[in-house]
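Asks: Any chance you can model this:
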Amino acid sequence: MWNLAFTPPTVIEARVFTRLPDAVRQPRRTDWVDANKPGHVMDSFLEGPAFDRDGNLYVTDIPYGRIFRIGAGGDWSLVAEYDGWPNGLAIHADGTLWIADYRRGILRLDPATGRIDTVLGHRNSESFKGVNDLTFDRQGRLYFTDQGQTGLHDPTGRVYRYGTDGRLDQLLGHAPSPNGLALSADGAVLFVAVTRGNQVWRAPLLPDGSVSKVGAFQTFFGTSGPDGMALDAEGRLVVAHASLGGAFVLNARGEVTHFVRSSLGHTITNVAYRPGTNELVLTDSQTGTVLVADMPAAGALLPSHA
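Replies: Numbers count the residues shown, from 1 in each chain. Here you go, the predicted structure:
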């Protein structure tokens, strides 16, 4: 049952915006590929779409430690290449790109120079399991997931909040593969994509900064699960699903109202709205392609663009 009207979701067809050029694809094995896609040879794995204030789109290529910038016309340029596994991206209010790097923690990239430095490499000298995605609130605080290889067999994934004063708080500690994050417009609710649990969790944020009564907002199915997420200006939550070939749109009650269907691969890992428009981009990691779809409403204004 998708919704209480007992009707199928409206299907929105996604189309190709641009694909990673053949000249920079690297069809070979890596340690990341062997661990996460065993038996495969992959030439890329795109993730982390994020728009800057000039309308440029940034994406990561996890197994090859690369960050690309994509112009409005679909042209690609390499911004950084380094020894890491960059996954999620978020634009800071100062214009820098913050990176959730599975190997190295939370990093910061100056897009003008390509310089990368470490913001948070560990917690109290203990390494993270493997950070995955991140988002900022309107106070400049950073929320990020520490996913690692957790799942139903090992439900110990964590969600953290990193304050502008350097304080690091663990908000969740028993999630089976926490992944994408999204904050409600008023900052009162944190949504967490829990990939191996195949759910989106809803975590109310209390005035003292803690969470309480965390619950399942929506449950899916499939060989993988929900991944990156984005909110629209009307409060709907768009949830990329990493094995069902598209993204689900949820209303305030958690009902599925729309399904954005991929025109190519099944591994849709993340989504982002082009600022000020109803245009949604989706990373199709199976084919190394960025898709685009016209949505019912514009995307929510992000703190970095306010």
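Asks: Might you report the residue contacts of residue 137?
Replies: 143, 183, 187, 303 (CB atoms under 8 Å, 6 or more residues apart in numbering). From N, CA and C alone the C-beta is placed, and that goes for glycine too.
Asks: So what pairs up with residue 205 in the strands?
Replies: Per DSSP bridges, the residues bridged to residue 205 are residue 211.
Asks: Which residue ranges of the protein form helices?
Replies: Secondary structure of the chain (DSSP state H): helices located at 31-36.
Asks: Nearest residue to the residue nearest the centre of it in space, please, no chain neighbours.
Replies: Central residue of the chain (CA atoms, centre = their mean): residue 228, 3.3 Å from the mean position. What sits nearest to residue 228 in space, not counting adjacent residues and going by CB to CB, 6 or more residues apart in numbering, is residue 270, at 2.9 Å.
Asks: For the closest residue to residue 50 other than its chain neighbours, give its distance to residue 276.
Replies: Excluding its sequence neighbours, the residue lying closest to residue 50 (CB to CB, 6+ apart) is residue 89, at 4.1 Å. Taken as CB to CB, to the nearest Å, the spacing of residue 89 relative to residue 276 amounts to 19 Å.
Asks: shaky segments in this protein?
Replies: For the chain, applying pLDDT under 70 flags the ranges 1.
Asks: Where is the longest strand in it?
Replies: Using DSSP state E to define each element, the chain has its longest strand at strand 168-175.
Asks: Each with direction, which strands does that one pair with?
Replies: In the sheet containing strand 168-175, the strands it pairs with under DSSP bridges are strand 157-162 (antiparallel).
Asks: Quick one: distance of the partner strand to the chain centre.
Replies: 15 Å (CA atoms, centre = their mean, to the nearest Å).
Asks: For that strand, give me every contacting residue.
Replies: Residues from elsewhere that reach strand 157-162 (CB under 8 Å, 6+ apart): 106, 119-120, 123, 129, 141-148, 150, 168-178, 181, 190, 192, 194, 203, 209.
Asks: Can you show me the CA trace of that strand as CSV?
Replies: Included here for strand 157-162 are C-alpha records, laid out as CSV according to Å, rounded to 0.1, in the frame of the first residue of the first chain:
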residue,chain,number,x,y,z
GLY,A,157,25.6,2.7,12.3
ARG,A,158,25.7,6.1,13.8
VAL,A,159,24.5,9.6,13.1
TYR,A,160,26.4,12.6,14.4
ARG,A,161,26.0,16.4,14.8
TYR,A,162,29.1,18.6,14.6
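Asks: circling back to that earlier point, how about the residue nearest to residue 50, what does it touch?
Replies: Applying CB under 8 Å, 6+ apart, the residues contacting residue 89 are 48, 49, 50, 58, 59, 60, 67, 97, 98, 99, 100, 134.
Asks: among those residues, which are in strands?
Replies: Filtering those for membership in strands, criterion DSSP E, returns 48, 49, 50, 58, 59, 60, 67, 97, 98, 99, 100, 134.
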